[in-house]
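In: The sequence isn't on hand, but the structure is:
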Ligand SMILES: NC(=O)C1=CN([C@@H]2O[C@H](COP(=O)(O)OP(=O)(O)OC[C@H]3O[C@@H](n4cnc5c(N)ncnc54)[C@H](OP(=O)(O)O)[C@@H]3O)[C@@H](O)[C@H]2O)C=CC1
Ligand SMILES: Nc1nc(=O)c2c([nH]1)NC[C@@H]1CN(c3ccc(C(=O)N[C@@H](CCC(=O)O)C(=O)O)cc3)C=[N+]21
Ligand SMILES: [Mg+2]
């Protein structure tokens, strides 16, 4: 029997804990604050940014959105980041990707105070994740949210064969690091991988994050596997769909996330969780 992972339901649970944590911090005189910076008017990005802003406010947080024109220069964006780095009301800074071509994204990531790096993209925080460093630091929210979902559904990665398709800084690489730290045996695949589908079929845990609609079908899945679909793609009719062909995959998988309603809601909930943690950690200093 295939079970569908309810990302919305797990997100609701996470959000309930976050709302309580916000209240506790407010009683200590600290309101967790997030600043989301968006450069250019990419419609999909604008929807995500609006969703983040709405959720942050619903949880009682301070939330600001800075919409900058597509022509914004590197220096102008760095100045905005410097402003939020110095702003005590802001505990988390998120610069929405993708960024226009004139922006050097790695240098922008490096300019964010690592203690305010709510995406967990700063090399200091990525390095801590890779070294499984003890203590408190932010970790990329999409893979972290996936780990929360796995735990919620009783999937312990220890000893399991995991395949992560995609090697981005935002999803694939931190996902592989988290699964490795959780004692899975992990392979990272990408566009140059040979025999991708045969490799996918070896996975007890398969995470697909490519941006290629329906790249993986039921024929590529090990019976009973846990399948996590990160894709936010459009099908022929412009409808939101994933990197996994859900209808064929659900016949084979043991557990599977839908799109929408799987990884996406968990990303937002985990982003809010991380913002509150950053506020808590900075208050404790
Ligand atoms: N639900 C959520 O919260 C989130 C969803 N997303 C979605 O997840 C997807 C991936 O996002 P992101 O990681 O940012 O994307 P990127 O484009 O940065 O990375 C895509 C990765 O997939 C690999 N890839 C592309 N085509 C293939 C192929 N045919 N076979 C195997 N591997 C392939 C690429 O390989 P190579 O490195 O060789 O180019 C690359 O490593 C997108 O649909 C995005 O919208 C992203 C973030 C959060
Ligand atoms: N600095 C940065 N950090 C990010 O975390 C980041 C980013 N840039 N750029 C874009 C990607 C994408 N991303 C998503 C967030 C929520 C949903 C989400 O809420 N999805 C809903 C549906 C949304 C819809 O209906 O369109 C769902 O899957 O159910 C999806 C994707 C965060 N990203
Ligand atoms: Mg989803």
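Out: Sure thing, it's come through. Since the structure is predicted, the reported quantities are computational estimates derived from the model, not experimental observations. Residues are numbered from 1 along each chain as shown. Ligands and ions are numbered 1, 2, ... in the order given.

In: alpha carbons only for contacts and neighbour counts from here, please
Out: Noted.

In: Enumerate every residue touching residue 30.
Out: Neighbouring residues of residue 30 by Cα atoms under 8 Å, 6 or more residues apart in numbering: 279, 283.

In: One more: residue 257?
Out: Here residue 257 is in contact with 4, 5, 6, 7, 227, 228, 229, 263 (criterion: Cα under 8 Å, 6+ apart).

In: Can you measure across stretch 127-141, start residue to end residue?
Out: One end of stretch 127-141 to the other measures 16 Å (Cα to Cα, to the nearest Å).

In: Looking at the contacts of residue 257, spot the one nearest ligand 1.
Out: Taking Cα to the nearest ligand atom as the measure, ligand 1 lies nearest residue 263 of the contacts of residue 257, at 4.7 Å.

In: The host helix or strand of residue 48: which residues count as buried?
Out: Here residue 48 sits within helix 43-58, counting by DSSP states H and E. Going by neighbour count (16 or more other Cα atoms under 10 Å), the buried part of helix 43-58 is 45, 46, 49, 52, 53, 55, 56.

In: residues in contact with stretch 88-105?
Out: Taking Cα under 8 Å, 6+ apart as the rule, stretch 88-105 contacts 31-40, 45, 49, 62, 70-71, 73-74, 81, 84, 112, 115-119, 275-276, 278-279, 282.

In: ok, back up a step: turn the buried residues of helix 43-58 into JSON lines, including distance to ligand 3.
Out: JSON lines is the format used below for the buried residues of helix 43-58 (distance: Cα to the ion, whole Å):
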{"residue": "45", "distance to ligand 3": "15"}
{"residue": "46", "distance to ligand 3": "17"}
{"residue": "49", "distance to ligand 3": "16"}
{"residue": "52", "distance to ligand 3": "15"}
{"residue": "53", "distance to ligand 3": "18"}
{"residue": "55", "distance to ligand 3": "16"}
{"residue": "56", "distance to ligand 3": "19"}
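
In: Sort out which one of those lies nearest ligand 2 for me.
Out: Using Cα to the nearest ligand atom, the buried residues of helix 43-58 come closest to ligand 2 at residue 45, 6.1 Å.

In: OK, contacts around that closest one?
Out: 38, 96, 97.

In: Now a ChimeraX select for only the buried ones of those residues.
Out: Applying 16+ other Cα under 10 Å to the contacts of residue 45 leaves a buried subset, and the ChimeraX line that selects it is:
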select :38,96
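
In: would JSON lines of the contacts of residue 45 with distance to ligand 1 and pLDDT be doable?
Out: Converted to JSON lines, the contacts of residue 45 look like this (distance: Cα to the nearest ligand atom, whole Å; pLDDT from 0 to 100):
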{"residue": "38", "distance to ligand 1": "15", "pLDDT": "96"}
{"residue": "96", "distance to ligand 1": "10", "pLDDT": "96"}
{"residue": "97", "distance to ligand 1": "8", "pLDDT": "94"}
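
In: Looking at the contacts of residue 45, which are in strands?
Out: Those of these mapping onto strands are residue 38, per DSSP state E.

In: ok and the residue in the stretch 1-150 of the chain nearest ligand 3?
Out: residue 7 (7.2 Å; Cα to the ion).

In: Quote the end-to-end distance of stretch 235-243.
Out: Where stretch 235-243 begins and where it ends lie 10 Å apart, using Cα to Cα.

In: what's the nearest residue to the residue of the stretch 1-150 of the chain closest to ligand 3 if we skip its chain neighbours?
Out: residue 262 (4.1 Å; Cα to Cα, 6 or more residues apart in numbering).

In: Quick check: the gap between that neighbour and residue 175.
Out: Taken as Cα to Cα, the span from residue 262 to residue 175 is 16 Å.

In: between those two, which one's more packed in?
Out: Using other Cα atoms under 10 Å, the more surrounded residue of residue 262 and residue 175 is residue 175, with 31 against 26.

In: Kindly confirm my reading that the more buried one is in a strand.
Out: No - the assignment for residue 175, made by DSSP: H, G, I helix; E, B strand; the rest coil, is helix rather than a strand.
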